[in-house]
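> Need the 3D shape of this:
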Amino acid sequence: MTKSVAIIIYFLTMVAVIVGADLLFFKNRFWERLIANIGIVLLFIAFYFGFIK
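Here you go, the predicted structure:
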């Protein structure tokens, strides 16, 4: 698997986690949803730079 395909799969996984968390926990709460989404993205970025790159 090439690196670009792995990055695309990683990005799609991040999007799926964000959408899943939004639908399951934060339907009508804007600020909580925003903070959780930022936290998930930062977690994925930290994991990317720590283990993948």
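> L34 and S4: what is the separation?
L34 sits 30 Å away from S4, going by Cβ to Cβ, to the nearest Å. In this view, the C-beta of every residue, glycine as well, is placed from N, C-alpha and C.
> Compare those two (neighbour count), which wins?
Ranked by neighbour count (other Cβ atoms under 10 Å), L34 and S4 place L34 first, with 11 against 8.
> Assign the more buried one to helix, strand or coil.
For L34, the secondary structure call by DSSP: H, G, I helix; E, B strand; the rest coil comes out as helix.
> Next, the contact list for F44, please.
Y10, M14, V17 (Cβ atoms under 8 Å, 6 or more residues apart in numbering).
> List just the nearest of those to F49.
The closest of those to F49 turns out to be Y10 (Cβ to Cβ; 12.0 Å).
> check contacts around that closest one.
In this structure, Y10 makes contact with F44, Y48, I52, judged by Cβ under 8 Å, 6+ apart.
> and the gap between the second one and L24?
Going back to what we said before, that points to Y48. In terms of Cβ to Cβ, Y48 sits 24 Å off from L24.
> Repeat that for the first one.
Here F44 is placed at a distance of 18 Å from L24 (Cβ to Cβ).
> roughly how far apart are the residue nearest the centre of the chain and I38?
In the chain, the residue lying closest to the centroid (Cα atoms, centre = their mean) is M14, at 3.0 Å. Computed as Cβ to Cβ, the M14 to I38 distance reads 12 Å.
> pLDDT of the top helix by length along the chain, averaged?
For the chain, the longest helix by residue count, based on DSSP state H, is helix 3-25. Averaging pLDDT along helix 3-25 gives 92.
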